[in-house]
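**Q** model this:
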Amino acid sequence: MRNLFRSQRFTAILVAAITKTNIYDNVKLMFKTAGIPLISVTIIYAALSFFNPLKAVDTNVLHTLQTDFNLTLWTIIPALFMLILPLFRINIIWVFITSILSGFFITLIFQGTTVYKTLAFCFLGYQAEDPNLGFILNGGGAASMFTVCGVILLSSAYSGIFKDTHMLDIIQDKLLLLIDKIGRFGAMLISSLLIICIFCNQTIASMMSRDLLARPYELTGGSNTELAIDIENSSIVLCGLIPWAISCSVPLQMLGAGYNALPFAFLLYVIPLCYIFTKKKFFVNII
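**A** Numbering: from 1, shown residues only. Predicted structure coming up:
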């Protein structure tokens, strides 16, 4: 599960890189476009919680965390670095390095873990002895990113082939006609849904959406920033709603939930719905 969350965080960096935009500017706009959806789904979940209160709470995980880990205030320092340093527009690489190093030394000092074992966690991921904790904490490590890196390399190779051979020109011409009818974000929604259904992967969906729509956006007056935010509000979030996509099937399988849980993933479809109706009114600065 930690691998999945890490992949989700990675998409913001990926989208900024492929669209040649500033990640901090993108994140600010993502917060703005997610504002109304976040308030809306909070109200929805609050209402659902009121009418469907929890009748039992499993405290095994909390008890195991308290007994197996030394949860002092020092343990929040790595997370604080990730939250605070970006506010000062520090390069994201240095933010990661600072957070990782602080977490490394906190593990040594407060958890009493050996240097060898901590390094093993860094490269191979964490493996908890207790199955209750393992369900939540197992995974991570540099090795877990090899697959993601491989997907990016393969996607980049396809991207170069498509660009140099002009294989996508015909599709882009069709997308230009579609943009004339339903707008740039409407075209992005439709194309990203089709890409996700075929490739079942956020990374490939993001890169293919860029390849297909970069030229149509440019020809119709769209900016790279608009392209980046439109990808974030379509390819990234919609991937969690396609049953056979990795971002949907893996979490459901790990949580033991069926596909009937998807209608309750309100944020994933409220974001694009709100954005398509508010884009021209509230986000004219990126159009």
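**Q** Quick check: nearest residue in space to G258, chain neighbours excluded?
**A** L252 (7.0 Å; C-beta to C-beta, 6 or more residues apart in numbering). Any C-beta I mention is one placed from the backbone N, CA and C, and that applies to glycine too.
**Q** Next, count neighbours for the one you found.
**A** Residues lying near L252 (other C-beta atoms under 10 Å) number 17.
**Q** contacting residues for R215?
**A** Going by C-beta atoms under 8 Å, 6 or more residues apart in numbering, R215 touches Q172.
**Q** Got the phi and psi for it?
**A** Per-residue torsions, R215: phi -70, psi -50 (degrees, to the nearest 10).
**Q** before we move on, the earlier item: just to check, the residue nearest to G258 is in contact with A265?
**A** No - with contact defined as C-beta atoms under 8 Å, L252 does not count as touching A265 (9.9 Å).
**Q** related to what we said a few turns ago, which ones are touching the residue nearest to G258?
**A** Contact partners of L252, counting by C-beta under 8 Å, 6+ apart, are G258, Y259, A261.
**Q** In CSV, list these along with neighbour count.
**A** Shown next, in CSV, are these (neighbours: other C-beta atoms under 10 Å):
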residue, neighbour count
G258, 9
Y259, 11
A261, 12
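**Q** Pick the one among those closest to D169.
**A** Y259 (37.3 Å; C-beta to C-beta).
**Q** Let's see stretch 107-126 as PDB, backbone CA atoms only.
**A** Output of stretch 107-126 as PDB, limited to C-alpha atoms (Å, rounded to 0.1, in the frame of the first residue of the first chain):
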ATOM      1  CA  THR A 107      15.000   5.500  13.000                       C
ATOM      2  CA  LEU A 108      18.500   4.900  14.400                       C
ATOM      3  CA  ILE A 109      18.100   7.100  17.500                       C
ATOM      4  CA  PHE A 110      14.500   6.600  18.600                       C
ATOM      5  CA  GLN A 111      13.600   3.200  17.200                       C
ATOM      6  CA  GLY A 112      16.900   1.500  18.100                       C
ATOM      7  CA  THR A 113      17.300   0.000  14.600                       C
ATOM      8  CA  THR A 114      20.700  -0.900  13.400                       C
ATOM      9  CA  VAL A 115      22.300   0.900  10.500                       C
ATOM     10  CA  TYR A 116      22.300  -2.200   8.400                       C
ATOM     11  CA  LYS A 117      18.600  -2.900   9.000                       C
ATOM     12  CA  THR A 118      17.700   0.700   8.300                       C
ATOM     13  CA  LEU A 119      19.600   0.700   5.000                       C
ATOM     14  CA  ALA A 120      17.800  -2.600   4.100                       C
ATOM     15  CA  PHE A 121      14.500  -0.800   4.800                       C
ATOM     16  CA  CYS A 122      15.600   2.100   2.500                       C
ATOM     17  CA  PHE A 123      16.400  -0.200  -0.400                       C
ATOM     18  CA  LEU A 124      14.200  -3.200   0.000                       C
ATOM     19  CA  GLY A 125      11.200  -1.700   1.900                       C
ATOM     20  CA  TYR A 126       9.800  -2.300   5.300                       C
END
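**Q** And it, what's buried?
**A** T107, T113, T118, F121, C122, G125 (16 or more other C-beta atoms under 10 Å).
**Q** repeat for stretch 264-281
**A** The neighbour-count check on stretch 264-281 (16+ other C-beta under 10 Å) flags A265, F266, L267, L268, Y269, V270, I271, P272, C274, Y275, I276, K279 as buried.
**Q** quick check: mean pLDDT across that stretch?
**A** The pLDDT scores in stretch 264-281 average 90.
**Q** and I77, what does it touch?
**A** Contacts of I77 (C-beta under 8 Å, 6+ apart): S102, G103, I106.
**Q** among the residues you listed, which are in helices?
**A** Judged by DSSP state H, the subset of the contacts of I77 located in helices is S102, G103, I106.
**Q** tell me which of the buried residues of stretch 107-126 is nearest to M145?
**A** G125 (10.2 Å).
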